[in-house]
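Enquirer: From the sequence below, what's the structure:
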Amino acid sequence: MKRLLAMTAMLLAGVAVFSQSRPKTTLAGRRSARAAEFRARADSLLRSRVYTFFPTTMQNAPEGDMRFVYDSYFYLHMGLDSVSLHLPFEFVNYVIDTETFDSPVRNYTERPDSGYWSIMYTIDSDGIPWVVDMAVSYDIERTVLSISTPKATMRYVGYISEGRKD
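Expert: This next block holds a predicted model:
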């Protein structure tokens, strides 16, 4: 019996010491740590210029209907000097088509800021220039991709990841 009481006392003492030694994290602290982790990962991906954007929503800008993209089959992959694009596009009269092509990147500019990255470049589809504008927000872990073509401007919201979706 004494042995059982001694073991119980040791167990309770160990739990008390463990609970005192663990730092208590607040919701704000966890959010801050998660934002710092996302920022480091996003900085690394964007500086490497090798990443893939996966959309979760799409919209024909400026006032088209917001549509969900449920499949990771759609993507924009950025390589060091080229883009591989496979994205749904909504053209005139609500016609949705999938655009798929590879293109070299021209006029690449990037601007890391305190709360987000801004990246802009030009790609060509059959000799027609398309302007790609991407903003990666640190605070809400969201990426907004806008692609302007002579026929339409599409706005996608999604996320960036490493690797390529083939």
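Enquirer: hey, let's count contacts and neighbours off CA atoms from now on
Expert: Noted.
Enquirer: Disregarding flanking residues, what is the spatial nearest neighbour of residue 39?
Expert: Closest residue to residue 39 apart from its sequence neighbours, by Cα to Cα, 6 or more residues apart in numbering: residue 138 at 5.6 Å.
Enquirer: all strands for this protein, in order.
Expert: Applying DSSP state E to the chain gives strands spanning 51-60, 66-68, 75-78, 82-90, 96-104, 106-112, 116-125, 128-137, 142-148, 153-161.
Enquirer: Could I get the ones you listed in a markdown table, plus columns for mean neighbour count?
Expert: A markdown table is the format used below for the strands of the chain (neighbours: other Cα atoms under 10 Å):
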| stretch | mean neighbour count |
| --- | --- |
| strand 51-60 | 22 |
| strand 66-68 | 13 |
| strand 75-78 | 23 |
| strand 82-90 | 19 |
| strand 96-104 | 13 |
| strand 106-112 | 12 |
| strand 116-125 | 18 |
| strand 128-137 | 18 |
| strand 142-148 | 20 |
| strand 153-161 | 21 |
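Enquirer: Is it possible to get a markdown table of those strands that adds distance to residue 40 and mean pLDDT?
Expert: As requested, the strands of the chain are arranged in a markdown table below (distance: least, Cα to Cα, whole Å; pLDDT from 0 to 100):
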| stretch | distance to residue 40 | mean pLDDT |
| --- | --- | --- |
| strand 51-60 | 14 | 94 |
| strand 66-68 | 28 | 90 |
| strand 75-78 | 19 | 94 |
| strand 82-90 | 23 | 92 |
| strand 96-104 | 27 | 90 |
| strand 106-112 | 12 | 92 |
| strand 116-125 | 12 | 93 |
| strand 128-137 | 12 | 95 |
| strand 142-148 | 14 | 95 |
| strand 153-161 | 13 | 94 |
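Enquirer: Need the ones you listed in JSON lines (columns: distance to residue 25).
Expert: Output for those, formatted as JSON lines (distance: least, Cα to Cα, whole Å):
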{"stretch": "strand 51-60", "distance to residue 25": "31"}
{"stretch": "strand 66-68", "distance to residue 25": "35"}
{"stretch": "strand 75-78", "distance to residue 25": "37"}
{"stretch": "strand 82-90", "distance to residue 25": "41"}
{"stretch": "strand 96-104", "distance to residue 25": "46"}
{"stretch": "strand 106-112", "distance to residue 25": "29"}
{"stretch": "strand 116-125", "distance to residue 25": "26"}
{"stretch": "strand 128-137", "distance to residue 25": "24"}
{"stretch": "strand 142-148", "distance to residue 25": "25"}
{"stretch": "strand 153-161", "distance to residue 25": "27"}
